[in-house]
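Enquirer: Prediction below, plus the sequence it came from.
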Amino acid sequence: MRTTVGIIGAGPAGLLLARLLHNAGIDSVVLESRDRAYVERRQRAGILEQGTVDVLRAAGAGERMDREGLRHDGIELRFSRRRHRVDFPALTGGRSVMVYAQTEVCKDLIALQLESGGPLLFETEALAVEDAGTDRPRVRFRRGGESGEGGEGGTEEVLECDYVVGCDGFWGVARAAVPDGRTFERTYPFGWLGILADVAPSHDELVYARHDRGFALLSMRSPSVSRLYLQVPADTDAESWSDEEIWDELERRLETDDDWTLRRGPITQKSVTPMRSYVHEPMRHGRLFLAGDAAHIVPPTGAKGLNLAVGDVVTLARALVHRAATGSDELLDTYSATCLRRVWQAERFSYDMTTLLHGAPDATPFEERLQLARLDRITSSRAAETDLAEAYTGFPVG
Ligand SMILES: Cc1cc2nc3c(=O)[nH]c(=O)nc-3n(C[C@H](O)[C@H](O)[C@H](O)COP(=O)(O)OP(=O)(O)OC[C@H]3O[C@@H](n4cnc5c(N)ncnc54)[C@H](O)[C@@H]3O)c2cc1C
């Protein structure tokens, strides 16, 4: 098999890149180790920055998002039983975010890719990227058979490419083909116990709550489905929490002095997400490029993971189109540095939000007071609040 751009991974990064290249007349092949149903059901991010919304619309993937997505003009911060609304448009010159689940973004992009006849091979696992430093990089892959290390069966084949893009997430194979990389990492001693519940959200915007018992987040997937999270120790088994215990704990951490109440409903999904900050530099080796979670991870507190992935592939698609039109490598050469600048801003913001709102198990009373002082500052200074609003609604791409 041969193509111009070989893309490993059909998450948001790989699918959007394929779409942007298709729109520009550049052919690509997407290899995805999982089946279509799995990719379309995997619950993850749900907040799209203004820039991401604009990109999806321009790529022709915004029709259902505009119909079913929920525009949000702010978030609420809760601490010491107080509520404070951060008004995005007022602080940022009109910017907002969109609540539209990653599952739906992926469904829309998969449908477009298949409609346009673009090759998207499910249950096809990339095994290795070879010759990335040459002008003939290749992806060795296996179709069918068992996936994962030591997997057997299926047929092994090779995809010859002009360029390879690793959009294969944190656990993928592409990053291993970037020699002499440097990694920067931080893990956190806590994770998020996340639930999906068939009940209308108890507030019409996201609520980020700092409580002495730990962080809680109230969010939503649609007008009838709530998504809520509790900070828990990193090694927590989701099944060790009964549904009633989860609702009771959410109620405690979200409690306010006014008459706000939490709506309860049947929990349909429960899982624990670990928290990690991670950056791999550079995001390129020769004709191999890394995009999205393959190159960087942020804790979900800043809602940046999916949006960073989108920023990377927009930058890369622009560089590949420029190369096709002019023969110049100029934008490909600056790809890694351009993306990393934005990535580090998102790392900073996600780290700030995480340490602002979560209780560290070894936090001293002094550090707890500082946390409250930071919240007090954000909710009483327009400059501090604007900084949060600008970062939350998104850093410019490119
Ligand atoms: C449990 C969880 C919850 C999250 N919650 C949030 C949130 O609330 N807010 C937020 O902003 N972000 C969240 N994120 C982060 C966000 O989902 C990611 O940043 C986003 O999915 C990145 O997209 P991606 O395309 O780079 O990678 P991914 O979505 O990870 O896609 C990678 C794809 O590559 C495939 N793949 C992997 N290895 C191979 C291989 N060898 N061959 C072929 N295919 C391969 C995978 O199956 C997958 O489909 C969450 C992440 C996780 C894991």
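Expert: All right, it came through fine.

Enquirer: drop to CA atoms for contacts and neighbour counts, all remaining ones
Expert: Fine.

Enquirer: Spell out which parts of the stretch 1-150 of the chain neighbour the ligand.
Expert: By the criterion of Cα under 6 Å from any ligand atom, the positions of the stretch 1-150 of the chain lying close to the ligand are 8-14, 31-34, 39, 44-46, 125-127.

Enquirer: For those residues, which PyMOL command selects only the ones that are buried?
Expert: This is how PyMOL selects the buried members of these, with burial counted by 16 or more other Cα atoms under 10 Å:
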select buried, resi 8+9+10+11+12+13+14+31+32+33+34+39+45+46+125+126+127
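
Enquirer: buried stuff in the longest helix along the chain?
Expert: Of all segments of type helix in the chain, defined using DSSP state H, the longest is helix 330-357. Buried residues in helix 330-357, counted by 16+ other Cα under 10 Å: 331-332, 335-336, 338-340, 342-343, 346-351, 353-354, 356-357.

Enquirer: Same check on stretch 255-266?
Expert: In terms of neighbour count (16+ other Cα under 10 Å), stretch 255-266 has its buried residues at 255-256, 262, 264.

Enquirer: per-residue confidence averaged over that stretch?
Expert: The average pLDDT within stretch 255-266 is 95.

Enquirer: Just the strands from the stretch 51-200 of the chain, written as ranges.
Expert: Read by DSSP state E, counting those that start in this stretch, the stretch 51-200 of the chain holds these strands, from start to end of the chain: 70-72, 74-79, 82-87, 97-99, 120-121, 124-130, 138-143, 155-166, 182-197.

Enquirer: What is the second one packed up against?
Expert: What it means is strand 74-79. In terms of contact count using 3 or more Cα pairs under 8 Å, 6 or more residues apart in numbering; DSSP states H and E, strand 74-79 is assigned the packing partners strand 82-87, strand 206-210.

Enquirer: tell me the angle that strand makes with strand 206-210.
Expert: On the basis of axes from the mean of the first three to the mean of the last three Cα atoms, to 10 degrees, strand 74-79 is oriented at 20 degrees to strand 206-210.

Enquirer: Then the last one?
Expert: Angular relation of strand 182-197 and strand 206-210 on a 0 to 180 degree scale: 110 degrees, by the same axes, to 10 degrees.

Enquirer: Sticking with Lys270, tell me its helix or strand.
Expert: Take DSSP states H and E as the rule and Lys270 turns out to sit in strand 267-281.

Enquirer: who touches whichever helix or strand comes after that strand?
Expert: Sequence-wise, the next helix or strand beyond strand 267-281 is strand 284-285, with elements assigned using DSSP H and E. Counting by Cα atoms under 8 Å, 6 or more residues apart in numbering, the neighbours of strand 284-285 from elsewhere in the structure are 132-133, 177-179, 290, 335-336.

Enquirer: Same check on stretch 255-274?
Expert: Everything outside stretch 255-274 that qualifies as a contact, by Cα under 8 Å, 6+ apart, is 78, 81-83, 188, 190-202, 234, 236-239, 243, 247, 251.

Enquirer: ok, which residues in the stretch 201-350 of the chain are in contact with the ligand?
Expert: With the criterion set to Cα under 6 Å from any ligand atom, the stretch 201-350 of the chain comes near the ligand through 273, 292-294, 300, 303-306, 309.

Enquirer: try it again with 5 Å
Expert: Residues of the stretch 201-350 of the chain found near the ligand, taking Cα under 5 Å from any ligand atom as the criterion, are 273, 292-293, 300, 303-306.
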